[in-house]
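Engineer: Can you look at this prediction? I've put the sequence above it.
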Amino acid sequence: MAIAFHWLMFLLIAVAYATIELRDFADKGTLARMVLMESHKWSGALVLVLAVPRLLWRLFNGAPAPEPGPRWGHRLASLMHGALYLFLIAQPLIGIVMMNAAGRMLVVPILGIEIPAIVAPSEALNDAAGDAHELIGNAFYLIIGLHAMAALFRHYMLGDNTMRRMSRRR
Ligand code: HEM
Ligand code: HEM
């Protein structure tokens, strides 16, 4: 389950990043722009939805002990994993706050169902959430990159089992 959650959410986050980066290739008001923005919002919102069962699963089932290595490395990995878990909740939540604060709602595409707003419209909140969403979004390119590099370093340089055990059931 933990492996399935990890890679499914990785895909959703990749879609969220790709769609927001590609949005400026489509002019405002075009269908392509709308599809890119809705895909961004909904892949991101799905991350938030899945974060809840993922964290509960992690809380009750724990994780296998890390592969052998220095204690500082394990501490650093735990810190990074903590930050990544926080990101799964915070980034989509801030995205939704930003929209609702601007007086806009999240609407299920095609079905047209409106998700109730979680905050009242407020220009100050919209600005603050917008800044935070941009800052965290950019910072996590780096954090996710370091996380992936650590995994690849373990696989190719140390030759340990960390990457392998993340890619199949043991
Ligand atoms: C894992 C989830 C998410 C990630 C990684 C993410 C990341 C980003 C990034 C990198 C930007 C570009 C910021 C910039 O440089 O201007 C952005 C913009 C935006 N995001 Fe997200 N986001 C996520 C979830 C959401 C959700 C759930 C919503 C709303 C439902 C949302 C709404 C927006 C909007 C409306 C913008 C455009 C802001 C603007 O340019 O005015 N995001 N997001
Ligand atoms: C959006 C991107 C990603 C996020 C949010 C993310 C998040 C996480 C989190 C929170 C954990 C800790 C699991 C736990 O012990 O509770 C983890 C583990 C892991 N991640 Fe990622 N990850 C991402 C992308 C990647 C990528 C691209 C790779 C590989 C290139 C990768 C490889 C791994 C590996 C190998 C583990 C297992 C570590 C172990 O077994 O102790 N992750 N990831």
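Structural biologist: Received it, and whenever you're ready, just let me know what you need. Ligands and ions are numbered 1, 2, ... in the order given.

Engineer: Point out the residues in this structure that sit beside ligand 1.
Structural biologist: 13, 16-17, 20, 40-41, 44-45, 47, 91-92, 95-96, 99, 106, 133-134, 137 (C-beta under 6 Å from any ligand atom). To be clear about C-beta, it is placed using only N, CA and C from the backbone, and glycine gets the same treatment.

Engineer: one more time with 5 Å
Structural biologist: By the rule C-beta under 5 Å from any ligand atom, the part of the chain lying against ligand 1 is 13, 16, 20, 41, 44-45, 47, 91-92, 95-96, 106, 134, 137.

Engineer: Relative to ligand 2, which of these is nearest.
Structural biologist: Nearest to ligand 2 among the residues of the chain next to ligand 1 is I13, at 3.8 Å by C-beta to the nearest ligand atom.

Engineer: tell me the contacts of that closest one?
Structural biologist: S43, V47, I144 (C-beta atoms under 8 Å, 6 or more residues apart in numbering).

Engineer: By neighbour count, which of those wins?
Structural biologist: Neighbour counts for the contacts of I13 peak at V47, which has 24 neighbours (criterion: other C-beta atoms under 10 Å).

Engineer: What values do phi and psi take at that residue?
Structural biologist: phi -60, psi -40 (degrees, to the nearest 10).

Engineer: Does it touch L12 like I think?
Structural biologist: Yes - counting by C-beta atoms under 8 Å, V47 touches L12, with 5.1 Å between them.

Engineer: coming back round to it: go back to the contacts of I13 and keep what's next to ligand 2.
Structural biologist: I144.

Engineer: Include distance to R58 and pLDDT when you put the contacts of I13 into JSON lines, please.
Structural biologist: Below are the contacts of I13 laid out as JSON lines (distance: C-beta to C-beta, whole Å; pLDDT from 0 to 100):
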{"residue": "S43", "distance to R58": "21", "pLDDT": "98"}
{"residue": "V47", "distance to R58": "15", "pLDDT": "98"}
{"residue": "I144", "distance to R58": "18", "pLDDT": "98"}
